[in-house]
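Chemist: when you get a sec, could you give me coordinates for this:
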Amino acid sequence: MIGTPSNQSGPSKQKRRAGFTLIEVILVAVVITIITGIAFPYFAGSYKGNKLRLSARTISRMARYARSMSIMREKPLTLVLNHETMEVFLGEYEQQSDTADGELDQSVLKRLGYVDEGGSSDTGGIEKEIHKFLPDGLSVKLFDKDRTEEDVLHENLYMIRFYPNGQCDWFEMELEDNRGVSIHLENDPISGKIKSEFMQ
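Modeler: This is a model prediction of the structure:
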């Protein structure tokens, strides 16, 4: 007959509804749980050592800068770590001026502790050219080097000297966070390169 649609759906045919079955939802949840279980320890370990990794990178970069600037300027530079404040800084020795008019030199007063240099602590006679604070929660577990008389005078400072010939003082250091994880740093006194390694 004319006007009758040829493909009518009868009442017996039902439209299929789009959606997820309960089994599909459970399978997706199980897969997500497995992936999370595998990935979480990796990310947790990475975050746990992030402060130590950042500190090692900071010390290494400052050491490279100190070495190159010492060669370029043909003057010794000193990299200093204050293990009480966890501040790292570098620079040259402060210029000493001879004052014969009876007035005390300000640098002498600073070293004796009579003049407060903006609230900062002992600098060991080093002018701070660059300085950074290491992240909170870290401490120096170990520091070893060939100690000099200046190292004895400034016991709260760990001082590494860089020389115009490209060499520097040998040192090894171990930084530890408040969870007991530590990183070991050791330099090559000839090239100045610093190797870092996480300790178990």
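Chemist: and the longest helix along the chain, what's its mean pLDDT?
Modeler: Determined from DSSP state H, the single longest helix within the chain is helix 22-48. On average, the pLDDT along helix 22-48 is 79.
Chemist: tell me where the chain has strands.
Modeler: 77-82, 87-91, 130-133, 138-145, 157-162, 171-177, 182-187, 194-199 (DSSP state E).
Chemist: out of these, deepest packed?
Modeler: Scoring these by mean neighbour count under mean count of other CB atoms under 10 Å gives strand 77-82 as the most buried, with a mean of 24. Every C-beta, even on glycine, is put in place using the N, C-alpha and C of the backbone.
Chemist: elements contacting that one?
Modeler: Helices and strands touching strand 77-82, by 3 or more CB pairs under 8 Å, 6 or more residues apart in numbering; DSSP states H and E, are helix 50-73, strand 87-91, strand 157-162.
Chemist: before we move on, the earlier item: orientation of the longest helix of the chain relative to strand 194-199 in degrees?
Modeler: Interaxial angle, helix 22-48 versus strand 194-199 (axes from the mean of the first three to the mean of the last three CA atoms, to 10 degrees): 130 degrees.
Chemist: show me the contacts for Glu186.
Modeler: Going by CB atoms under 8 Å, 6 or more residues apart in numbering, Glu186 touches 171-173, 194-195.
Chemist: Leu52 too?
Modeler: 138, 175, 177, 181-183, 198.
Chemist: need these in CSV (columns: pLDDT and distance to Arg73).
Modeler: Converted to CSV, the contacts of Leu52 look like this (pLDDT from 0 to 100; distance: CB to CB, whole Å):
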residue, pLDDT, distance to Arg73
Leu138, 92, 31
Leu175, 94, 29
Asp177, 90, 35
Val181, 89, 38
Ser182, 92, 35
Ile183, 93, 31
Phe198, 88, 35
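Chemist: distance of Gly124 from Gln167?
Modeler: Counting by CB to CB, to the nearest Å, the gap from Gly124 to Gln167 is 20 Å.
Chemist: check Asn178 too.
Modeler: 35 Å.
Chemist: same question for Met62.
Modeler: Between Met62 and Gln167 the distance is 17 Å, computed by CB to CB.
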